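Asks: here you go, sequence then predicted model.
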Amino acid sequence: MTYKEAITYGTDKLSGAGIAEAAIDAWLLLEHRTGLSRSAYFLHGAEEMPQEQWEIYHADIERRSRRIPLQHITGVQEFMGLTFRVNEHVLIPRQDTECLVEEAMQYLQSECEVLDMCTGSGCIIVSLAEEAKKNKLKNAVFTGVDLSREALDVAEENAKNLNAEVSFLQSDLFENVKGTFDMIVSNPPYIRTDVIEGLQAEVKLHDPFIALDGKADGLYFYRGIVNESRRYLKAKGRLLFEIGCDQGKAVSELMEKAGFSDIVVKKDLAGLDRVVIGVYNC
């Protein structure tokens with residue numbers, strides 16, 4: 001089996017399994033297992049693939065054909081230009097969430113204290129800590145919170161791998177949180193329970209259910225975080241959420257009723273509502 005034949009096999013197998021981006025995934029799995037760059041592949045594609053590599057690649061293709069997410073096979077996902085470790089215990093970082101990080105970056109400053117509620121893989125808070133480090137913001141403090149100990153293990157490893165100064169805390173929302181913050185960011189579970197069954201198999205079967213389920217109306221965690229965050233925000237502190245594309249109005253109203261002002265809804269690159277920001281006037 002040559003490298004070119006392996007790619008053809010992988011693409012055909014994944015296409016037959018209904019994988020939308022079969023050719024891309026077949027290539028990414030080959031690149032992951034062989035280390036071949038595109039240019040090296042064009043030079044050596046006709047060469048025979050070592051048997052050991054072929055066997056591992058074949059197993060990867062089989063797993064992907066069963067709708068196991070590509071990132072669970074490779075163990076990594078790129079986010080904000082950084083490489084994060086992921087597994088079945090955390091939500092795979094998505095490009096939509098970069099919108100939340102980019103908005104939060106505008107409010108970073110020296111000595112600011114930032115809390116990431118429902119941190120998962122830590123991709124949000126680690127990215128913010130890295131941005132602060134890059135801009136030499138002194139004495140900024142970053143904390144990630146999650147209910148899942150397994151998720152926190154992943155987040156802590158990501159912070160360590162990226163040399164990011166972030167503390168992590170296991171807590172059911174704010175139960176174990178102490179102190180106040182200049183900014184609270186969150187990408188909480190926001191999918192309605194009755195919608196989850198209709199999601200792609202990669203999501204409904206392999207992303208953690210607790211990271212998806214926003215209960216009956218998808219707003220359960222927004223209510224809790226909005227109401228409790230008022231005790232943990234400094235004067236003029238900001239609360240930033242990622243939201244589902246149809247939740248901008250509802251989340252904005254929750255924040256307004258709780259005493260937040262200057263509430264704005266930001267759109268993603270597709271023009272869909274994606275982030276809600278508000279300032280708390282305590």
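Replies: Yep, it's here.
Asks: can you name the residues bridging to residue 169?
Replies: Note on residue 169: beta-bridge partners by DSSP bridges are residue 145.
Asks: again, but for residue 239
Replies: Taking DSSP bridges as the rule, residue 239 bridges to residue 184, residue 278.
Asks: tell me who's in contact with it.
Replies: Neighbour list for residue 239: 183-186, 225-226, 229, 233, 255, 260, 277-278, 280 [criterion: CB atoms under 8 Å, 6 or more residues apart in numbering]. C-beta: built from backbone N, CA, C; applies to glycine.
Asks: ok, and residue 178, which helix or strand is that part of?
Replies: Counting by DSSP states H and E, no helix or strand carries residue 178.
Asks: how many residues are close by it?
Replies: By other CB atoms under 10 Å, the residues close to residue 178 number 9.
Asks: how near is it to residue 139?
Replies: Summarising the geometry, the distance separating residue 178 from residue 139, computed by CB to CB, to the nearest Å, is 18 Å.
Asks: what of residue 66?
Replies: According to CB to CB, residue 66 and residue 139 sit 48 Å apart.
Asks: can you give me the strands in the stretch 101-250 of the chain?
Replies: Along the stretch 101-250 of the chain, the stretches classed as strands by DSSP state E, counting those that start in this stretch are 113-117, 141-146, 167-170, 181-186, 233-242.
Asks: just how off-centre is the third one within its chain?
Replies: Right, strand 167-170. Between the mean C-alpha point of strand 167-170 and the mean C-alpha point of its chain there is a distance of 17 Å (CA atoms, centre = their mean, to the nearest Å).
Asks: could you measure the residue most central in space within the chain against residue 70, distance?
Replies: The centroid of the chain falls nearest to residue 93 when counting by CA atoms, centre = their mean (2.4 Å). Taking CB to CB as the measure, residue 93 falls 13 Å from residue 70.
Asks: was I right about residue 4 contacting residue 46?
Replies: Yes. Shown here, residue 4 and residue 46 form a contact pair, counting by CB atoms under 8 Å, at 6.2 Å.
Asks: higher neighbour count, these two?
Replies: With neighbours defined as other CB under 10 Å, residue 4 and residue 46 compare such that residue 4 has more, 15 against 10.
Asks: element containing that one, please.
Replies: With DSSP H and E as the test, residue 4 turns up in helix 3-16.
Asks: elements contacting that helix?
Replies: Counting contacts by 3 or more CB pairs under 8 Å, 6 or more residues apart in numbering; DSSP states H and E, the secondary-structure elements packed against helix 3-16 are helix 22-34, helix 51-65.
Asks: for the first one, buried residues please.
Replies: Right, helix 22-34. Of the residues in helix 22-34, those with enough neighbours to count as buried (16 or more other CB atoms under 10 Å) are 22, 25, 26, 27, 28, 29, 30, 32, 33, 34.
Asks: need the three-state assignment for residue 274.
Replies: Under DSSP: H, G, I helix; E, B strand; the rest coil, residue 274 falls in the strand class.
Asks: neighbours around it, how many?
Replies: The local packing of residue 274 (other CB under 10 Å) involves 24 other residues.
Asks: any idea how far it is from residue 63?
Replies: When distances are taken as CB to CB, residue 274 and residue 63 turn out to be 31 Å apart.
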